[in-house]
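3D model of this:
(chains A, B, C and D)
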Number of protein chains: 2
Amino acid sequence: MRGYGHGVAKLPTIYDVAEAAGVAPSTVSRAFSRPGRVNSETAQRIRDVAADLGYRTNPLARGLSTARTMTIGLVIADITNPVYAEIMRGAQIAAADAGYTMLLADTQGSGPRERESVERAMPLVEGIVLASSRMSDSAIRMAAKQKPLVVLNRAVVDVPSVVTDNPRGARRAAEHLGGLGHEVITYVAGPEASWADGMRWRALREVELELGLKVRRIGPFPPTVRGGVRAAHELSKHPTSAVIAYNDQLAIGLMRGLASMGARVPEDVSVVGFDNIFGSDLVTPGLTTIAAPLRVQGTTAVKNLLALVGGASSTTGKAVVLPTRLLVRASTAQRSRKRTAPTWGTTTVSGPASKSARRTSAGAR
Amino acid sequence: MRGYGHGVAKLPTIYDVAEAAGVAPSTVSRAFSRPGRVNSETAQRIRDVAADLGYRTNPLARGLSTARTMTIGLVIADITNPVYAEIMRGAQIAAADAGYTMLLADTQGSGPRERESVERAMPLVEGIVLASSRMSDSAIRMAAKQKPLVVLNRAVVDVPSVVTDNPRGARRAAEHLGGLGHEVITYVAGPEASWADGMRWRALREVELELGLKVRRIGPFPPTVRGGVRAAHELSKHPTSAVIAYNDQLAIGLMRGLASMGARVPEDVSVVGFDNIFGSDLVTPGLTTIAAPLRVQGTTAVKNLLALVGGASSTTGKAVVLPTRLLVRASTAQRSRKRTAPTWGTTTVSGPASKSARRTSAGAR
DNA sequence: TTGAAAGCGCTAACAT
DNA sequence: ATGTTAGCGCTTTCAA
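Sure, this is the predicted structure:
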């Protein structure tokens, strides 16, 4: 009702309030300052007057003198990737709960762009969360010296990190598949720059002997549905009855590709993904996956960041590792020993029968 | 290599540069100021020295005196909704292209939270994009007086708006279904607060007579997969052979719900969604949908906002309307007149046969 | 062009 | 508990 003009209205300042309340500007400032909001009678009166005038403390000005902008930055490799939807939600909630605003930068998977985003955001924020960063360890460490910073989905020595339990996740996937009678598993790799990819593949190699199964690897592929389709073609050259994909998108694409080549999931090949993104339970068959606590990842990263901002020392040097869990859906099944016919793997999508099946029969190894 | 300490490194200021270059601070400022970057020899030397020192102009300080923070705000109703992934990407790109940083606020579908976010962001940004706002028209208009603002997916009188062509989209959906022989269509409504929902339903009502078909409406339902499942139950009480859902999530949930009740899509019921979100082509059957130019929506909103920021007058009072297109996939098909048996609609998921079929036979209307 | 000085709105020592 | 006085880092008159 206070009939603002039309263009850009000028907001009242601390001086306006001071004058209206008949006190010194600094007194007004105090009535609004952070820690121990003064509670004298005057302070209250000042707040009333301020509210009346529609006064709002200008965060820019405040930030200029205190370096507290009440803003944190979240830089993400690919905002389009459904994984980040939940992560961002979690981050946003944690930030908002602490009274912080979130600056978002999408780097579209580009390293240089990421560096630039970080530089741009740096002076505006009190701290930064780097999700699935593609920058080099040293670049990250460098940035971490400027402002509090935590990396998500990656462990960087000397920099607070939040990761999921990739080794355990990969192991669970392998155990699950092994338990279903699969003896050789193909790992469909994601981007080489991905830290998680390395962890997953390495973990699989490690459990290989222990679980008495064989693990191959194809890739790298872009971590997208399309990448998965390509992977399916690649897989058809050396079919295995079970596949673990770097992430759900890849797994979903793989299933599509397999379907288009006449392979059935899970009858012919069992597929496991990672992350449990939106949609992984909607595809047919539902995707068995190693679920990550997406939202918790976001909140944890932000909470830790805020702790740092609040002056906490970088805790231990250890990364915080969040648990994952195996979600069994319809894309994995008992290995069928009675393969009626090598219906796929004997032909590729781009032509008639050519490379004949290998490793397709039981006693492969 | 410039061996930063360890804690928070202090950045060089304009004064440091001035001293190093042997000029006055204001001269340094000029060498970096906005419009016509001075090109004198000194200016160049200053820039070199600055680069050498690792100087970066502090946006906060700049913002304090110029009110140009090079930041825009994007406030979104539900960051978790896949629709926004692409919109955000588009917005982010447009912002980055113009050298702007993006502040993001997720309001989790809460009106009050949205108001608060806007207030919080207001002083930090040069302008705001409100995506699918749940605030009242008057609240939006109020905010629009403070700073440049554009609303996305909603038209508000006197406020620059960007919307998709809902009427045309709804019409196309109806025509498509009509062309397949469907005579009565159920519209599964989304949230009542949604402007788009109103537009879509209203458009359907308008083409009803013209296309010679009948349109019913059930709902409102939350615009989620779960909401869709609930809608399926509701639908089973008054089955129709064709359904148009408020959005893809609802449509997908509906398909799941129908499947669990024994109804086949598209044989028993054809389903059309809106938006073409990630995943709508991954479900089985693929979802026929009215595709929105998601990314373009984001870029358009931001570009228009930036134009306003740059001083453009609110153009005409008209909303920018972006075209949609019908994407036919497998969830819609010719209506089968020879219904062998009313296999669904006669039983509900929660028990044996009860409510008998209605409107299920051919000559319904 | 460049320099000098005032000020953006707020906070942070000092005093009182 | 309040008032005074300097800045935070940058831009912007106004002179030179």
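
for A:N39, helix, strand, or coil?
With DSSP: H, G, I helix; E, B strand; the rest coil as the basis, A:N39 sits in coil.

around it, how many other residues sit close by?
9 (other C-beta atoms under 10 Å in any protein chain shown). In this view, the C-beta of every residue, glycine as well, is placed from N, C-alpha and C.

distance of A:L209 relative to chain B?
In this structure, A:L209 and chain B are 36 Å apart, going by C-beta to the nearest C-beta, to the nearest Å.

kindly apply the preceding question to A:V296 instead.
To chain B, A:V296 is 14 Å away according to C-beta to the nearest C-beta.

before we move on, which element is that residue in?
Assigned by DSSP states H and E, A:V296 belongs to helix A:294-309.

please work out the average pLDDT along that helix.
Summarised as a single mean, pLDDT over helix A:294-309 is 96.

pick out the residue nearest the middle of chain A.
Nearest residue to the geometric centre of chain A (C-alpha atoms, centre = their mean): A:Y84, 4.9 Å.

which residue, other than its chain neighbours, is closest to it?
A:I76 (5.3 Å; C-beta to C-beta, 6 or more residues apart in numbering or on different chains).

quick check: the one you found touching A:T107?
Yes: under the criterion of C-beta atoms under 8 Å, A:I76 makes contact with A:T107 at 6.9 Å.

ranges for the helices of chain A?
Ranges of helices in chain A, per DSSP state H, are A:14-21, A:25-32, A:41-53, A:59-66, A:82-97, A:111-121, A:137-146, A:166-179, A:195-210, A:225-237, A:248-260, A:294-309.

ok, now how distant is A:V271 from DNA strand C?
Here the criterion is C-beta to the nearest atom of the strand, to the nearest Å. By it, A:V271 lies 55 Å from DNA strand C.

beta partners of that residue?
Beta bridges link A:V271 to A:V243, judged by DSSP bridges.

ok so, going back, so the residue nearest to the centre of chain A makes contact with A:N153?
No: counting by C-beta under 8 Å, A:Y84 does not reach A:N153; the two are 9.9 Å apart.

residues of stretch A:287-301 that come out buried?
For stretch A:287-301, the neighbour count (16 or more other C-beta atoms under 10 Å in any protein chain shown) marks A:287-301 as buried.

next one: stretch A:277-287
Residues of stretch A:277-287 classed as buried by neighbour count (16+ other C-beta under 10 Å): A:277-283, A:285, A:287.

just stretch A:130-147 next, same as before
Residues A:130-135, A:137, A:139-147 are the ones in stretch A:130-147 that count as buried (16+ other C-beta under 10 Å).

which of those residues lies closest to DNA strand C?
A:K147 (17.5 Å; C-beta to the nearest atom of the strand).

shouldn't that closest one be in contact with A:M122?
Yes: using C-beta under 8 Å, A:K147 is in contact with A:M122, at 6.0 Å.

now do the shared contacts for the two.
Residues within reach of A:K147 and of A:M122 at once, by C-beta atoms under 8 Å, 6 or more residues apart in numbering or on different chains, are A:I128.

number of nearby residues for the residue of the stretch 101-250 of chain A found nearest DNA strand C?
For the stretch 101-250 of chain A, the residue closest to DNA strand C is A:E126, as judged by C-beta to the nearest atom of the strand, at 13.4 Å. As a burial measure, A:E126 scores 20 neighbours (other C-beta under 10 Å).

ok, the nearest residue to A:L326 once chain neighbours are set aside to DNA strand D distance?
The spatial neighbour of A:L326 that comes closest, neighbours along the chain excluded (C-beta to C-beta, 6+ apart), is A:R172 at 4.5 Å. Separation of A:R172 from DNA strand D (C-beta to the nearest atom of the strand) stands at 51 Å.

does A:R172 really touch A:I290, like I thought?
Yes: assessed by C-beta under 8 Å, A:R172 is found in contact with A:I290 at 6.4 Å.

the residue nearest to A:L326: neighbour count?
Neighbour count of A:R172, defined by other C-beta under 10 Å: 18.

of the helices of chain A, which approaches B:S241 most closely?
The closest of the helices of chain A to B:S241 is helix A:248-260. By C-beta to C-beta, the value is 27.8 Å.

when you scan that closest one, is anything in it near chain B?
Yes: interface with chain B: helix A:248-260 contributes A:252, A:256 (C-beta under 8 Å from any C-beta of the partner chain).

give the buried residues for that helix.
By neighbour count on 16+ other C-beta under 10 Å, the buried set for helix A:248-260 is A:248-259.
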